[in-house]
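# Could you work out the structure for the sequence below:
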Amino acid sequence: MAVDKTMPVLVVDDYATMRRIIKNLMGQLGFTNIDEAADGQAALAKIREKDYKLVISDWNMEPMTGLDLLKALRAEERTAKMPFVMVTAETKAENVMVAKQAGVNNYIIKPFNAATLKTKLSAVLGPI
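Numbers count the residues shown, from 1 in each chain. This next block holds a predicted model:
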């Protein structure tokens, strides 16, 4: 089954430039319904108002990190199974393990390109 590229996607990053890059890469992959949030708290507020089908979030943000956002989503029944992809510059194996234990669906190391994003999202959503 093909991925619905009109599904609502939320990109969360404290750097506007990174949000724009991810939105542009998603656009290259054909996704058309992309919202953004500048931190985990803003993302949670948006997620409570809209039924997102995918969250792509940076790890390192203040005041609420991507990991804290992931844990908050997994703790709520409505969002417990929401596909969540973590983006980070951190390459430490223990960070990957912490994210996996918290329920992350996939993990992307910065910098990355559209091909990497497509591969990671296909693993979560199915063929893109």
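# Now the residue lying closest to T91 once chain neighbours are set aside: phi and psi?
Distance criterion C-beta to C-beta, 6 or more residues apart in numbering; nearest residue to T91, sequence neighbours excluded, is I109 at 5.8 Å. Placement of C-beta: from N, CA and C, glycine included. Here is the backbone geometry of I109 (degrees, to the nearest 10): phi -90, psi 130.
# Tell me, how many residues neighbour I109?
Per other C-beta atoms under 10 Å, the neighbour tally for I109 reads 14.
# That one pairs with what?
T88 (DSSP bridges).
# contacting residues around it?
Going by C-beta atoms under 8 Å, 6 or more residues apart in numbering, I109 touches T88, A89, E90, T91.
# Show me the shaky parts of the protein.
By pLDDT under 70, the weakly predicted segments of the chain are 1.
# residue ranges of the helices in the chain, please?
16-28, 40-49, 66-75, 93-102, 114-125 (DSSP state H).
# now these in a markdown table, with distance to V3 and mean neighbour count?
Compiled in a markdown table, these are given as follows (distance: least, C-beta to C-beta, whole Å; neighbours: other C-beta atoms under 10 Å):
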| stretch | distance to V3 | mean neighbour count |
| --- | --- | --- |
| helix 16-28 | 12 | 16 |
| helix 40-49 | 20 | 17 |
| helix 66-75 | 20 | 20 |
| helix 93-102 | 23 | 13 |
| helix 114-125 | 5 | 16 |
